[in-house]
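Student: Quick check, what structure comes out for this input:
(2 chains)
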Amino acid sequence: KAGVTQTPRYLIKTRGQQVTLSCSPISGHRSVSWYQQTPGQGLQFLFEYFSETQRNKGNFPGRFSGRQFSNSRSEMNVSTLELGDSALYLCASSLAMVRGTEAFFGQGTRLTVV
Amino acid sequence: SQQGEEDPQALSIQEGENATMNCSYKTSINNLQWYRQNSGRGLVHLILIRSNEREKHSGRLRVTLDTSKKSSSLLITASRAADTASYFCATDARSGAGSYQLTFGKGTKLSVIP
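Tutor: Modelled structure (predicted):
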């Protein structure tokens, strides 16, 4: 069974630009969560989608948005990039993000904002 | 916000030795999970322990949970160079619309010297 695939793996953008990251979950998984990982803040929850609906959102500004398609693939978008958005963005899929669910992570997208 | 706090932040041991990492958390939990992350890559699920369990084993891993102290420990026995990674504990918290989100600690960086 193929794992969680994130594209691209690496990205360099300029301040003020926008970026779209993609995540393809494990086949059959309907829940996709996104996390931002930085050395200072660690792993921070961004949002979770289930069956094309955003069920949950972390404490991030509105510049961070996402969506999920009918095939469960998800994208996240960051507009008006800031230097502080440089981070590893991780996507996790699960059958359904309920109590005690194991989450399967992709390899991440390393975003550098210059 | 960080729910779990790992201790120590960094640990360096010789191959063959045991490695113990601790995690403390703040609120009541239903489950606690441990994940491993190799440098700059995705997270790999190691083990889940439920709040009514005190100890769980998986291969060379042993996890304990003390809900009265709100703490957990991960023991890796007979460590190998390939165990070099960062280790995170994560708790799941109910977060609306029937979903849960994982909240991670900042991790323990383990270095196993051959």
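Student: Local confidence estimate at the closest residue to B:Tyr100 other than its chain neighbours?
Tutor: With sequence-adjacent residues excluded and distances taken as Cβ to Cβ, 6 or more residues apart in numbering or on different chains, B:Tyr100 is closest to B:Asp92, at 4.3 Å. C-betas here are computed from N, CA, C, even on glycine. Model confidence at B:Asp92, expressed as pLDDT, equals 78.
Student: Which neighbouring elements make contact with the host helix or strand of B:Asp92?
Tutor: Secondary structure assignment for B:Asp92, by DSSP states H and E: strand B:85-94. With contacts taken as 3 or more Cβ pairs under 8 Å, 6 or more residues apart in numbering or on different chains; DSSP states H and E, strand B:85-94 sits against strand B:4-7, strand B:19-25, strand B:31-37, strand B:71-76, strand B:100-104, strand B:108-113.
Student: Tabulate the ones you listed (TSV), appending distance to A:Tyr89 and mean neighbour count.
Tutor: Output for the helices and strands packed on strand B:85-94, formatted as TSV (distance: least, Cβ to Cβ, whole Å; neighbours: other Cβ atoms under 10 Å in any protein chain shown):
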stretch	distance to A:Tyr89	mean neighbour count
strand B:4-7	21	21
strand B:19-25	24	20
strand B:31-37	14	24
strand B:71-76	26	20
strand B:100-104	14	25
strand B:108-113	20	18
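Student: Same list (the ones you listed) but as a markdown table, adding mean pLDDT.
Tutor: Shown next, in a markdown table, are those (pLDDT from 0 to 100):
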| stretch | mean pLDDT |
| --- | --- |
| strand B:4-7 | 76 |
| strand B:19-25 | 94 |
| strand B:31-37 | 93 |
| strand B:71-76 | 96 |
| strand B:100-104 | 83 |
| strand B:108-113 | 96 |
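Student: Format those as TSV; extra columns: distance to A:Leu46.
Tutor: What follows is these, written out as TSV (distance: least, Cβ to Cβ, whole Å):
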stretch	distance to A:Leu46
strand B:4-7	18
strand B:19-25	21
strand B:31-37	17
strand B:71-76	25
strand B:100-104	10
strand B:108-113	23
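Student: Of all those strands, which one is nearest B:Arg50?
Tutor: strand B:31-37 (5.3 Å; Cβ to Cβ).
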